[in-house]
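Peer 1: just a sequence and a predicted model for now, questions to come.
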Amino acid sequence: MSDYKHGKIIGASRSRIDGPKKLRGDAPYAADHHLPNMAHAYGVFSTVASGRITGIDLSEARAMPGVIDIFHHDHFPSLYRTPSTFKQENKVDETRLPFEDAKVHYPGQFVALVVADTFANARDASYRVRVDYEEDEAIATLAQAMERGEPTPHADSGHTRGDPDSAWSDAPHRIESTYVTPMETHNPMEMHASTAYWDKGDLVLYEASQGVVFARNVMAKVFGIPPERVDVRSPFIGSGFGSKLWIWPHAVAAAAAAREVGRPVQLVVPREEMFTTTGHRPPTHQTLRLATDANGKLQALSHDGINTTSMVNTYVEKTGSCTKSLYACPNLRVSHATLPANHGTPTSMRAPGAAPGLFALESAMDEMAEAIDMDPLEFRRANYTETDESLDLPFSSIHLMEAFDRGAEKFGWSKRTPEPGSMRDSDEIIGWGMAACNWEALKMDCDARVSLRADGTAFASCATQDIGTGTYTIVAQAVSDITGLPLDRIEVELGDSSYPSGPVSGGSWATATTLPAIAQAARNAIDALKTYATGDGGAFSGSEADTLTFADGTLSDGNGKSVDYAEVLNQLKLANADGEAHTPAATNDEYSFRSFGAHFVEIRWDPGISNLRVSRVVSAIDVGQVINQTTAANQVEGAIAMGIGMALFENTEYDSRSGRPVNNNYAEYLVPVHADQPEEVDVILLDHPDYAFNEFGARGIGEIGITGLAAAVANAVHHATGKRIRELPITLDKLMVT
Ligand code: MOS
């Protein structure tokens, strides 16, 4: 695709260039903006799961100090809905807008919004808003949803080839298993927050957002104004894991309130309502059937998934998205269906579809291997394919076998004895499990701008975001790579919708999307500089621009004359030489672009004291070219920690009687802490550039690390205990039952 040859800065280990700002507290997050005359908003959230508001008594709340206004369904400006089709088409993540009517569809729904002079006053007054409800029976859990309704199929995300049902029935070896995953809630450290103000009809919104361009477009539609009159800024966020990809009701409420009260308004979503009104990974119910021939080759594979969605929108958790193409199998079906529940709308959470989907698939692969008495790793090797059979296209680059080999070697897999409970270390039973991991590689449209400046620095901007992953740093690396300027002379600004249009930081596509646009913009900036240099009064006046070469921050004519970029500009009294670029989305006409990998997990189970822990993880990951060893390895290490949470702890619970959330707080919603981390986490990045995908050969790394991890843990637990846990999380009670 490209004859691009990258230098040593691509693939190097570099600390985050934004690190010092964060350490010094100079990195402003959405709620760090304290604007003159700013008011604070605090929500009143529904305490019922389903029903309607029959009355709101504001008398006590209105009398509280500092209260400016209180909004609710009878007192809120009329706004416009956004299209309720696919999210990329710029919609609010619920079909309805906040305060549209008296109906309540889920607990935690905004039912009123108090605006006051201070945060404390707004919150105090919010506690004094009395809301009466007529309460309906709620659907609070996946089990209740399945009892009460028929799932709605979503054929567009399904796939069938061959005849999986007959092939399964006719095969000599087969298994059928059902796996259940719970609702999980994104818990980024930084809470959702909006700081909004209006300036002569223009909206400025500081939003904790993974997608400023998307957010700008949604706000423009909601308020019925051109996108040019909205600016969304999110230079730093305390991560999001998908919960900050789209727009939730609080952002609309904050912007509307700011316009109504004629002052800047800040609204922070309290932690407990981050469990209800800003998305979650929905619970899933997945039925898998696998069958093999006598040689361990898969003959049939079906993966039928159901998830809950909300009453106000449809979100499909595509649990079969990897199953379609990870292994060779002639007869295969993947299907997805949804059931409504009285929850807020679910959304993407790190590796949506794939994380719960590969828990099921890779657990089932382990069960199938056991059924045919084959080593689980050998079973996967036996079903390896270099063709995406769902698209009938070759993978652009696949090194899954190398991931298996190197991961197994480093882990010591060959020393595994297959019998459950057969490996011991004094009181502890050791379990070894493995699983493949898998994620799609996507690349979107992107614009970028790079300027070479008279002070010897370069400036790069793009309206994508760094959500803590290292995007600032790798953008600087790309500029450095092209221009030859050192990293410390490159300034990068992201996270402002007024910059050239960039992608949401999601789907692991920011790297593959942004870097080619940045690189092309840098080349265009150098071209502009060459034009200046060869014009009147320029350092190379009279030469042809295309005879000049560039390296290490200088232009050269090949006859011994070299001039610094800055010098070229200074001679002409020019501030900068600018380059802009647009790079297109990738299409899969020729190739299927996916990333691969393998996790090897050791758990230790002490039955005497019922203690289960993950003691060792080796992960070999094939994501194409790694841009920055440090930030890339961090992504996988973080995903492994999150995967341990998924395997052992995370579970958002609703009371099946009241429909209310049970553990919507940091104390009772368990996430892994330091004490839960393995003694060893070993991340092997295979680092084979995928130049068919983009000029850097990078496929992205944010999500793949969590895929398959929970299955590897469950498989290790089975190896230690003989118990096959098909319902996450793997809590001790499930292991103590005999
Ligand atoms: Mo990721 S779930 O696309 O932020």
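Peer 2: Structure received.

Peer 1: how about low-confidence regions in the stretch 301-450 of the chain?
Peer 2: Scanning the stretch 301-450 of the chain for pLDDT under 70 picks out nothing.

Peer 1: what parts of it come near the ligand?
Peer 2: 348, 349, 350, 352 (Cβ under 6 Å from any ligand atom). No exception for glycine: its C-beta is placed from N, CA and C like everyone else's.

Peer 1: residue contacts, the second one?
Peer 2: What that stands for is residue 349. When contacts are counted by Cβ atoms under 8 Å, 6 or more residues apart in numbering, residue 349 touches 184, 186, 241, 242, 243, 279, 280, 281, 355.

Peer 1: find the closest residue to the ligand in the stretch 551-700 of the chain.
Peer 2: Residue of the stretch 551-700 of the chain nearest the ligand, by Cβ to the nearest ligand atom: residue 700 (10.0 Å).

Peer 1: count of neighbours near that residue?
Peer 2: 27 (other Cβ atoms under 10 Å).

Peer 1: mind giving me the packing neighbours of the longest helix belonging to the chain?
Peer 2: Using DSSP state H, we find that the single longest helix of the chain is helix 510-534. Here helix 510-534 touches strand 446-453, strand 458-462, helix 471-483, strand 554-556, helix 565-571, strand 576-583, going by 3 or more Cβ pairs under 8 Å, 6 or more residues apart in numbering; DSSP states H and E.

Peer 1: quick one, grab the pLDDT at the residue of the stretch 551-700 of the chain closest to the ligand.
Peer 2: If you check residue 700, the pLDDT there is 95.

Peer 1: and it, what are its phi and psi?
Peer 2: Residue 700 adopts backbone torsions of phi 100, psi 150, taken as degrees, to the nearest 10.

Peer 1: got the contact list for it?
Peer 2: Residues counted as contacts of residue 700 (Cβ under 8 Å, 6+ apart) are 439, 441, 442, 507, 508, 509, 510, 511, 512, 595, 623.

Peer 1: which of the residues you listed has the most neighbours?
Peer 2: With neighbours taken as other Cβ under 10 Å, the top of these is residue 511, carrying 35 neighbours.

Peer 1: which ones are touching it?
Peer 2: By Cβ under 8 Å, 6+ apart, the neighbours of residue 511 are 471, 474, 627, 696, 698, 700, 701.

Peer 1: can you give me the domain assignment for the chain?
Peer 2: For the chain, automatic domain parsing gives the domain ranges 19-27+444-583, 33-137+189-238+244-275, 284-442+589-735.

Peer 1: can you put those in JSON lines and add distance to residue 166?
Peer 2: Formatted as JSON lines, the domains of the chain follow (distance: least, Cβ to Cβ, whole Å):
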{"stretch": "domain 19-27+444-583", "distance to residue 166": "36"}
{"stretch": "domain 33-137+189-238+244-275", "distance to residue 166": "34"}
{"stretch": "domain 284-442+589-735", "distance to residue 166": "8"}
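
Peer 1: which of those has the lowest average pLDDT?
Peer 2: Of all these, domain 33-137+189-238+244-275 has the smallest average pLDDT, which comes to a mean of 94.

Peer 1: can it be found next to the ligand?
Peer 2: Yes: contact between domain 33-137+189-238+244-275 and the ligand, assessed by Cβ under 6 Å from any ligand atom, occurs at 210, 245.
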